[in-house]
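S.K.: Following is a predicted model, sequence given first.
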2 protein chains.
Amino acid sequence: MLPIALADAPELSALILGAVLLNLVVIYLASKVGSEVCIRLGLPPVLGELVGGVLVGVSVLHLLVFPEQDPTGQSSLIMQFLQLTGGMAPVDRPEVFHATNEVISLLSELGVIILLFEVGLESDLRELVKVGVWATIVAVVGVTVPFALGTAGALLIFHVPAIPAIFAGAALTATSIGITSKVLSDLGQLGSREGQIILGAAIIDDILGIIVLAVVASLAKTGQVDVSNLVGLIVSSSGFLLGAILLGSLFSRVFVITTQMLKSRGGVIIPAFVFAFSMAYFAQAIHLEAILGSFAAGLILDETDQKNELQHQVVPIADLLVPTFFIGVGAKTDLGVLNPSVPANQEGLVIAAFLIVVAILGKVVTGLAVWGEPNINRLAIGVGMIPRGEVGLVFAGIGTSLGILSESLNAAIIMMVIITTFLAPPLLRFVFAKSPNSTSTA
Amino acid sequence: MLPIALADAPELSALILGAVLLNLVVIYLASKVGSEVCIRLGLPPVLGELVGGVLVGVSVLHLLVFPEQDPTGQSSLIMQFLQLTGGMAPVDRPEVFHATNEVISLLSELGVIILLFEVGLESDLRELVKVGVWATIVAVVGVTVPFALGTAGALLIFHVPAIPAIFAGAALTATSIGITSKVLSDLGQLGSREGQIILGAAIIDDILGIIVLAVVASLAKTGQVDVSNLVGLIVSSSGFLLGAILLGSLFSRVFVITTQMLKSRGGVIIPAFVFAFSMAYFAQAIHLEAILGSFAAGLILDETDQKNELQHQVVPIADLLVPTFFIGVGAKTDLGVLNPSVPANQEGLVIAAFLIVVAILGKVVTGLAVWGEPNINRLAIGVGMIPRGEVGLVFAGIGTSLGILSESLNAAIIMMVIITTFLAPPLLRFVFAKSPNSTSTA
């Protein structure tokens, strides 16, 4: 039962399938080895997945290589294996390599979409609304403080010109929902009050990050801020959040009626994914992010009677797709920027040290903003906001593609992202372990 | 949390994700509407998925269009929707269209791989070995009779030259495991003796089909049969089947030990998929098909204690991926070949009528080959072998790309594939309904 496309290109389509299968096998092996080692060391499994990704990625084993690092896939061991065992001609490699990466990247994007859908299912809308004020304050502080300190420091200490200094400051504002929520889930803290504040703040932070990016990018491109675009983004994001909260009960009623009518296999999971993927597309169409849509969908379906069945069925799907995301983040991490023998890295390392301090302090202080709450683990909230993840890399990437960032500043931002991302999971475990009386409900 | 690739091409990567999400939503809607209608009409759900695919595909609604039919995606309604709501520039359409199709095609290939893994899990290796002799006889008869009748008829009645006549005969030999096994599973007949004979025969038929294709293609290209290639294929396929049966208990023991050691999430499903995907790659690397590998993996893991947990966890994953395959088969079906106002189709329709009769009779007689068995539904076995599915289309596609098949003969083969594929599910339900005492264990 060969695919029809084979008729046109008997070799390529089969080779791409073979390459995707090999990529998935490598991803799963790295993910399992990494998370099992971390569990035995008392660390969160997601850290193991990130480290596992680094091991199979561009920095060490060159099994998972991406076109950003090697346009033709020449260094990819999987491609070499495919030439050896799958009969791939060297001339076909670039095409097979690119198509395979297209597929793996898409699987990893679907992976985060499903991860956030699952996080939404595990979250309680009412609880999130209840912590909404604290979450907003934490997010605003967590965006303002690192941005101000980072920009000022770059300007005054390192004499970086204004636009790149603002860009470096902006890169410090992000919080990676994916990494934060996975760590919280691993620690069984997603349902705790701290967990819900962190999650809410990370989501608001994500929206603020999109707005900051739009402002900074238009500033960099045209020298001024595109106000109408800015207003549009603020209106659409507030509208999306409010709409999801207000129309949620209508959507969940339609979902319940639909699933009750269906008699075929997948009668609960398929309508749920139709809803989640539609919301993801909608969020993206209004210039937000797809993951905000699937998170909102999960939050809404959490209110239905099918919630438990749905949670149960999403687990194996998440197990299958989510590792492609975390291993991918690790594999794309080029540890070469940490090499001090490269001149750009030397200057970069000094700036990086400064950015890392600001990145950590600027987020840890957010916990202090939750001033009126007794019995709350303020340190955990601050630490939960630390990981920058791929969001920070997007800033660095866009900055470089716009020609704003110098090589050393770019390297410094990437180092900051790597350190905060890898540091947050063990730190978070540590600060949660220190408060055994935190109100976990998970 | 935007993907890193965004840094290079802020628009394209997000557009491709949006297009994939829209494609999946359309696939799920078509799959659910089709299968729900069929269930209410007392027909197998998979027929509904095929018809649903035709409705959203190139023949009717143009929502799912493939590059084989429209190289730039101009006619795709999803692409137009993306231009309207996602802000895609028309100049980006071809690239987004191709990348999206790459991903959807791969998802559908993963879908069949997982379908056959699930079928393997539901099958009993000992039962299959027990019916092995009958399955082999059914497969050999089901390859020989349609091939001989088809080739002879094309030569003698329609005066087609020798090579294209042999090609048309060869296209009649295939049996689509995917469609057959899904119908059997829908009918709860996968575990019956008839079901196991059909499944075994379809698998052997698939292997014979690969051998026939290799022979016919080398005959068409060079005018003679490549004997060493032929011997290689026969050796590797027999070796694969025997190896899977003999080494199965070793593999399943390694699997059991591995899963007992794992403490992280997905500790059963991930090792199972590592095994299934490795076997799929291995089968493909020795010039068999990936689905034979995943089927063998399912068959082997069926012998373990984790079987039930595994079956349970594979269900939602199959629900998510398998529809992409059946909707895809339907969507690629161009009903235009049935239009009698096109000259090539007129001649084609006459040849098609002949091929369809041979295709059905040539497989139905296979039931008679199971002569020594009392109380067996011979008609069901014959009917179960009817659907040609995409395997027949591969023959037609390769024949056309080699310049062997005339337009009318090509159209005739495609018509034969469409009719047998769409006819088999309702026929199979009908013949199974007539034998209430068939020995179902499912």
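M.R.: All right, it came through fine. Residues are numbered from 1 along each chain as shown, chains lettered A, B, ... in the order given.

S.K.: Show the subsequent helix or strand relative to the helix or strand harbouring A:V357.
M.R.: Using DSSP states H and E, A:V357 maps to helix A:343-364. For helix A:343-364, the following helix or strand on the C-terminal side (DSSP H and E) is helix A:378-384.

S.K.: CA atoms only: put stretch A:322-330 into CSV for me.
M.R.: C-alpha atoms of stretch A:322-330 as CSV (Å, rounded to 0.1, in the frame of the first residue of the first chain):
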residue,chain,number,x,y,z
VAL,A,322,5.0,16.5,22.7
PRO,A,323,8.6,15.0,22.8
THR,A,324,9.1,16.2,19.2
PHE,A,325,8.8,19.7,20.6
PHE,A,326,11.2,19.5,23.6
ILE,A,327,13.7,17.3,21.8
GLY,A,328,13.6,19.8,18.9
VAL,A,329,14.3,22.8,21.3
GLY,A,330,17.3,20.9,22.7
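
S.K.: what comes into contact with it?
M.R.: With contact meaning Cβ atoms under 8 Å, 6 or more residues apart in numbering or on different chains, stretch A:322-330 is reached by A:24, A:27-28, A:30-31, A:46, A:49-57, A:64, A:104-105, A:107-109, A:111-112, A:114-115, A:178-179, A:182, A:389-390, A:421, B:266, B:270. Where you see a C-beta, it was placed from the backbone N, CA and C, and this is true even at glycine.

S.K.: Now for chain A, the helix or strand with the poorest mean pLDDT.
M.R.: helix A:389-401 (a mean of 74; mean pLDDT, DSSP states H and E).

S.K.: Name the next helix or strand downstream of that helix, please.
M.R.: Using DSSP H and E, the helix or strand that follows helix A:389-401 in sequence is helix A:407-433.

S.K.: the inter-axis angle of that next one versus helix A:343-364?
M.R.: Angle between the axes of helix A:407-433 and helix A:343-364 is 40 degrees (criterion: axes from the mean of the first three to the mean of the last three Cα atoms, to 10 degrees).

S.K.: all helices for the stretch 101-250 of chain A, in order.
M.R.: Ranges of helices in the stretch 101-250 of chain A, per DSSP state H, counting those that start in this stretch, are A:125-130, A:132-156, A:162-171, A:177-186, A:193-222, A:227-261.

S.K.: hmm, back to that, pull the CA atoms of the helix holding A:V357 into CSV?
M.R.: In CSV, the C-alpha atoms belonging to helix A:343-364 read as follows (Å, rounded to 0.1, in the frame of the first residue of the first chain):
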residue,chain,number,x,y,z
PRO,A,343,36.0,36.2,19.5
ALA,A,344,32.3,37.2,19.2
ASN,A,345,31.6,34.9,22.1
GLN,A,346,34.1,36.5,24.4
GLU,A,347,32.3,39.9,24.3
GLY,A,348,29.1,37.9,24.2
LEU,A,349,29.9,36.0,27.3
VAL,A,350,30.2,39.2,29.3
ILE,A,351,27.0,40.6,28.0
ALA,A,352,25.4,37.2,28.5
ALA,A,353,26.4,37.1,32.2
PHE,A,354,24.7,40.5,32.6
LEU,A,355,21.6,39.4,30.7
ILE,A,356,21.3,36.2,32.7
VAL,A,357,21.4,38.1,36.0
VAL,A,358,18.7,40.5,34.8
ALA,A,359,16.7,37.6,33.3
ILE,A,360,16.6,35.8,36.6
LEU,A,361,16.3,38.7,39.0
GLY,A,362,13.8,40.5,36.8
LYS,A,363,11.4,37.5,36.9
VAL,A,364,12.1,36.5,40.5
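
S.K.: Which elements pack onto it?
M.R.: Counting contacts by 3 or more Cβ pairs under 8 Å, 6 or more residues apart in numbering or on different chains; DSSP states H and E, helix A:343-364 packs against helix A:132-156, helix A:378-384, helix A:407-433.

S.K.: Of the ones you listed, give the one that comes closest to B:F251.
M.R.: helix A:407-433 (34.2 Å; Cβ to Cβ).

S.K.: Relative to the whole chain's centre, how far out is the least confident helix or strand of chain A?
M.R.: Distance, stretch centre to chain centre, for helix A:389-401: 12 Å (Cα atoms, centre = their mean, to the nearest Å).

S.K.: Per-residue pLDDT of the closest residue to A:A139 other than its chain neighbours, please?
M.R.: Among residues not flanking A:A139 along the chain, A:I204 sits closest, at 3.8 Å (Cβ to Cβ, 6 or more residues apart in numbering or on different chains). For A:I204, the pLDDT comes out at 89.

S.K.: next one: A:G178
M.R.: A:G178 is assigned 85 on the pLDDT scale.

S.K.: That one contacts A:L115, correct?
M.R.: Yes. Between A:G178 and A:L115 there is a contact under Cβ atoms under 8 Å: 6.2 Å.

S.K.: which neighbours do the two share?
M.R.: Contacts common to A:G178 and A:L115, judged by Cβ under 8 Å, 6+ apart, are A:I291, A:F325.

S.K.: Now for A:L230: which residues touch it?
M.R.: A:L230 neighbours (Cβ under 8 Å, 6+ apart): A:I211, A:A214, A:V215.

S.K.: least confident pick among those residues?
M.R.: Ranking the contacts of A:L230 by pLDDT, A:A214 lands last with 78.

S.K.: Need the nearest residue in space to that one, chain neighbours excluded.
M.R.: Closest to A:A214 by Cβ to Cβ, 6+ apart is A:L233, at 5.7 Å.

S.K.: what number of residues lie near that neighbour?
M.R.: Look at A:L233: counted by other Cβ atoms under 10 Å in any protein chain shown, it has 20 neighbours.

S.K.: and if you look at A:R40?
M.R.: So A:R40, with other Cβ under 10 Å, has 10 neighbours.

S.K.: same thing with A:S238?
M.R.: Neighbour tally, A:S238, other Cβ under 10 Å: 11.

S.K.: Closest to A:M88 out of the contacts of A:L230?
M.R.: After measuring these against A:M88 - Cβ to Cβ - the closest member comes out as A:A214, at 42.4 Å.

S.K.: I'd like to know how far A:A171 sits from chain B.
M.R.: 12 Å (Cβ to the nearest Cβ, to the nearest Å).

S.K.: which one is that residue nearest to, not counting chain neighbours?
M.R.: Nearest residue to A:A171, sequence neighbours excluded (Cβ to Cβ, 6+ apart): A:F395, at 3.7 Å.

S.K.: what number of residues lie near the residue in the stretch 301-442 of chain A that chain B sits nearest to?
M.R.: Here the stretch 301-442 of chain A gets closest to chain B at one residue, A:G397, 2.1 Å apart by Cβ to the nearest Cβ. Neighbourhood size, A:G397 [other Cβ under 10 Å]: 23.

S.K.: re earlier: which of the helices and strands packed on helix A:343-364 comes out lowest on mean pLDDT?
M.R.: Among the helices and strands packed on helix A:343-364, helix A:407-433 carries the lowest mean pLDDT, at a mean of 87.

S.K.: does that helix come close to chain B?
M.R.: No. Judged by Cβ under 8 Å from any Cβ of the partner chain, helix A:407-433 makes no contact with chain B; its nearest approach is 10.5 Å.

S.K.: tell me the angle of that helix relative to helix A:177-186?
M.R.: Calculated by the same axes, to 10 degrees, helix A:407-433 forms an angle of 20 degrees with helix A:177-186.

S.K.: CA atoms of the least confident helix or strand of chain A as PDB?
M.R.: Presented in PDB, the C-alpha positions along helix A:389-401 are these (Å, rounded to 0.1, in the frame of the first residue of the first chain):
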ATOM      1  CA  GLY A 389      12.500  29.000  25.800                       C
ATOM      2  CA  GLU A 390      12.000  29.400  22.100                       C
ATOM      3  CA  VAL A 391      10.300  32.800  22.600                       C
ATOM      4  CA  GLY A 392      13.500  34.400  23.400                       C
ATOM      5  CA  LEU A 393      15.100  32.700  20.400                       C
ATOM      6  CA  VAL A 394      12.400  34.200  18.200                       C
ATOM      7  CA  PHE A 395      13.500  37.700  19.300                       C
ATOM      8  CA  ALA A 396      17.200  36.900  18.600                       C
ATOM      9  CA  GLY A 397      16.300  35.400  15.200                       C
ATOM     10  CA  ILE A 398      14.200  38.300  14.100                       C
ATOM     11  CA  GLY A 399      16.700  40.800  15.400                       C
ATOM     12  CA  THR A 400      19.500  39.100  13.400                       C
ATOM     13  CA  SER A 401      17.300  38.800  10.300                       C
END
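
S.K.: Having no further points to raise, I will conclude here.
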